[in-house]
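Engineer: Below are the sequence and a predicted model; questions follow.
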Amino acid sequence: MIKISGIAASAGIAVAKAFILKHPDYTITKTSISDVELEIVKLESALEISKGELARIKARTLAELGEKKAEIFESHLLILEDPELISPVMDKIREEAVNADYALQEVANQFIEMFENMKSTYLQERAADMRDVTKRVLNHLLGISYVSPAEISEEVIVIAEDLTPSDTAQLNRKYVKGFTTNIGGRTSHSAIMARSLEIPAVVGTKHVMSEVKAGDLIIVDGLSGDVLVNPGEAEVALYIAKQKEYDLQIAEWKKLREEPTVSADGKHVELAANIGTPNDVAGVIDNGGEGVGLYRTEFLYMGRDKLPSEEIQYNAYRTVLENMQGKPVVVRTLDIGGDKELPYLELPKEMNPFLGFRAIRLCLDRQDIFRTQLRALLRASVHGDLRIMFPMIATLGEFRAARDLLLEEKAKLHEEGKEVSDQIQLGIMVEIPSTAVLADQFAKEVDFFSIGTNDLIQYTMAADRMNERVSYLYQPYNPAILRLIKNVIDAAHAEGKWTGMCGEMAGDVTAIPLLLGLGLDEFSMSATSILPARSQIAKLSAAEMKELAAKALQLGTAEEVAALVQAINY
Amino acid sequence: MQTTFRIIDEDGIHARPATALVNTATKFKDTEAFAEAKGKKVTLKSILGVLSLGLESGDTLTLITEGGQEAEALGALQDVMIKEGLGELND
């Protein structure tokens, strides 16, 4: 048995056979063929087998994941039946007496190139479909046995270097019990995806790919970050017991779904969820979320070739508000620029993207973009309890400028006879130290604060959280961070306002007792963290945590704070 | 026979509606069907052909049917255009 350690990216335990996800090598050489007709037969047979596969995948996807996900395979089928593709391949084989794989690749490449040169980003991306379909046929021509993640039809643990968005989109929860990768961290795409699919995952193992063969028995422990390769019977039994215990725990948590979040001594706090798209709302309701504490609107702007219209945005915001059924929804206005790029904005590359032209800085400059979003939000406001929050506010001047634009758009909508709610709360993200320090002044003008700890920590510690060499400085429990948080919460309370938190820290088991003690009003986290947090808070006394937090503020290091919290008896 | 549309879908003509158009055109075996836009004419029985037009919102697209059941075919294609929210008739 080999034990490999990585980063626990998604909770739970899974035991199953290894499925190695590796993209094969398609090196093709041009050869002269003597029997041209035999080559044509080979091509036709490879096409038939491929179509059969696609028809099966399509039927299964339709049954298990619905019509929308199945459509892509329908278009793949059409491509394989397309005379514009097949005839030139046949002609090439006949006229040049070349091998079918070469002829297919040559013709397919012309289409791939055509798509890549198209103006629309959407059509450029169709090159990927063309590649996918070509590879499927090449597998049969070249005798490569490659199974794409969409075709997995038995229970497996997926082992990969990394999982791309197109890989994860194809994972079927029914069969993929867990996954583990060589690279990635807690906030990498694959990890976020695993949490939303609720599949146990361990990422960043560095060498799981070289240690595991297809069919090896694998245990993925998404609680500890361990991966066991070919464990003995005793280990398997131990982990299956651990898995059962975890499932029981989950069942226990699910009972708290409809309950409010109340501490042992009766203090109520609000547990909300962070979401990226209207589709995420189902998970929020399912996990007993009391609201949406952060709706990241960036996704509306990504994966397209131009800005989303007011109507597209209005529909998305309205859907979220309606589906949350009157519960509060905090929408963060566009936080793009810097590391999060939108190709169609054609922004210049920057030396320090995290300290650069992004979020509210960009929105105040590109008012055309900002005003469209504000109008869509204002119009959607009548469909629920909307709260609007501006990201990356560094000065009171920025907040006032953004607020004034909002008020201007509101007045315009009134003139146009459109309805706008009068109950919209207006707040800011506190993620820049200057704003955390000056919170008392901000508190007079905003309705609420939401502390974005991921950025607040990296700006306070002057350490890029993506840089592994300085990642030790990403210290949520550092007393310096805790003092800033306290300053923000106290400032809000002094003005009768509320403070939330929407960074990773809000759902962190060690941070929760401290945040409760510091008086945080709203905790916004991944939907799947809500029930565990509710269960934890129910066991904590807010009064005792207030004393604990006061002690923590007087300590010198993050380690001392963590030790203090971990000594709590539940 | 032919009809001209103005593309109104924000994404232009993408894979899903293109698939629907090709499937519909293919149903009419004895009828030729073409799509013409930006000075390029392709068969409507090829998804790669339809996508190669690179149609975007605001573009004009002419659907042409010839022979056999040209009227039925054109009617069916027109229904797809409207039902999928792809285009509006350009009178």
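Structural biologist: Here it is on my side, so go on.

Engineer: Give the partner strands of the helix or strand bottoming out on mean pLDDT in chain B in its sheet and their orientations.
Structural biologist: Lowest by mean pLDDT, DSSP states H and E among the helices and strands of chain B is strand B:87-89, with a mean of 79. Applying DSSP bridges to the sheet, strand B:87-89 is found paired with strand B:2-7 (antiparallel).

Engineer: gap between the strand it pairs with and the chain center?
Structural biologist: Centre-to-centre, strand B:2-7 and its host chain are 8 Å apart (CA atoms, centre = their mean, to the nearest Å).

Engineer: same deal with stretch A:495-504?
Structural biologist: The answer for stretch A:495-504 is 22 Å, by CA atoms, centre = their mean.

Engineer: Straight-line length of that stretch, end to end?
Structural biologist: Using CA to CA, to the nearest Å, the end-to-end distance of stretch A:495-504 comes out at 26 Å.

Engineer: Any buried residues in it, and which?
Structural biologist: A:Lys497, A:Trp498, A:Thr499, A:Gly500, A:Met501, A:Cys502, A:Gly503, A:Glu504 (16 or more other CB atoms under 10 Å in any protein chain shown). For the C-beta atoms, the positions are set from N, CA and C on the backbone; glycine is no exception.

Engineer: who's in contact with that stretch?
Structural biologist: A:186-187, A:270, A:272, A:274, A:293-294, A:330, A:429, A:443-444, A:446-457, A:476, A:485, A:488-489, A:492-493, A:506, A:515, A:519-525 (CB atoms under 8 Å, 6 or more residues apart in numbering or on different chains).

Engineer: Please repeat the previous calculation with a cut-off of 7 Å.
Structural biologist: A:274, A:293-294, A:443-444, A:446-454, A:488-489, A:492, A:515, A:520-524 (CB atoms under 7 Å, 6 or more residues apart in numbering or on different chains).

Engineer: For the buried ones among those residues, write the corresponding ChimeraX selection.
Structural biologist: Entered in ChimeraX, the line below selects the buried ones among the contacts of stretch A:495-504, by 16+ other CB under 10 Å:
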select /A:274,293,294,443,446,447,448,449,450,451,452,453,454,488,489,492,515,520,521,522,523,524
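
Engineer: Now intersect the contacts of stretch A:495-504 with the strands, please.
Structural biologist: If you go by DSSP state E, the contacts of stretch A:495-504 have A:Asn274, A:Gly293, A:Leu294, A:Phe448, A:Phe449, A:Ser450, A:Ile451, A:Glu522, A:Phe523, A:Ser524 in strands.

Engineer: tell me what the helix or strand A:Ala55 falls within is packed against?
Structural biologist: Using DSSP states H and E, A:Ala55 maps to helix A:36-65. With contacts taken as 3 or more CB pairs under 7 Å, 6 or more residues apart in numbering or on different chains; DSSP states H and E, helix A:36-65 sits against helix A:67-80, helix A:83-96, helix A:100-116, helix A:121-142.

Engineer: Format these as JSON lines; extra columns: distance to A:Gln367.
Structural biologist: Putting those into JSON lines (distance: least, CB to CB, whole Å) gives the following:
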{"stretch": "helix A:67-80", "distance to A:Gln367": "35"}
{"stretch": "helix A:83-96", "distance to A:Gln367": "46"}
{"stretch": "helix A:100-116", "distance to A:Gln367": "34"}
{"stretch": "helix A:121-142", "distance to A:Gln367": "24"}
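
Engineer: can I get those helices in TSV with mean neighbour count and mean pLDDT?
Structural biologist: Shown next, in TSV, are the helices and strands packed on helix A:36-65 (neighbours: other CB atoms under 10 Å in any protein chain shown; pLDDT from 0 to 100):
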stretch	mean neighbour count	mean pLDDT
helix A:67-80	19	85
helix A:83-96	17	95
helix A:100-116	20	94
helix A:121-142	20	86
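
Engineer: quick check, nearest of the buried residues of stretch A:495-504 to chain B?
Structural biologist: Nearest to chain B among these: A:Cys502, at 30.1 Å, using CB to the nearest CB.

Engineer: For that closest one, give its distance to B:Leu89.
Structural biologist: Distance of A:Cys502 to B:Leu89, given as CB to CB, to the nearest Å: 48 Å.

Engineer: try A:Gln423
Structural biologist: Taken as CB to CB, the span from A:Gln423 to B:Leu89 is 43 Å.

Engineer: Which residues does stretch B:28-45 contact?
Structural biologist: Applying CB under 7 Å, 6+ apart, the contact partners of stretch B:28-45 are A:83, B:21-22, B:25-26, B:49-50, B:52-53, B:55, B:59-70, B:72-73, B:77.

Engineer: Likewise for stretch A:31-51?
Structural biologist: The contact list for stretch A:31-51 (CB under 7 Å, 6+ apart) reads A:77, A:80, A:89-90, A:93-94, A:97-100, A:136-137, A:140-141.

Engineer: picking up where we left off before, so which bits of the least confident helix or strand of chain B are buried?
Structural biologist: Within strand B:87-89, the residues that count as buried by 16+ other CB under 10 Å are B:Gly87.

Engineer: ok, now stretch A:1-21?
Structural biologist: Within stretch A:1-21, the residues scored as buried using 16+ other CB under 10 Å are A:4, A:6-16, A:18-21.

Engineer: Also stretch B:80-91?
Structural biologist: Neighbour-count burial for stretch B:80-91, counted by 16+ other CB under 10 Å, picks out B:Val80, B:Met81, B:Glu84, B:Leu86, B:Gly87.

Engineer: okay, that stretch in CSV with CA atoms only?
Structural biologist: Extracted as CSV, the C-alpha positions of stretch B:80-91 are listed here (Å, rounded to 0.1, in the frame of the first residue of the first chain):
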residue,chain,number,x,y,z
VAL,B,80,-37.1,26.4,-36.4
MET,B,81,-35.8,29.9,-36.9
ILE,B,82,-38.7,31.4,-35.0
LYS,B,83,-39.1,28.7,-32.4
GLU,B,84,-35.4,28.8,-31.5
GLY,B,85,-35.5,32.6,-31.2
LEU,B,86,-32.8,32.8,-33.9
GLY,B,87,-34.2,35.3,-36.3
GLU,B,88,-37.1,37.5,-37.4
LEU,B,89,-38.5,37.7,-40.8
ASN,B,90,-36.9,40.5,-42.8
ASP,B,91,-39.7,41.9,-44.9
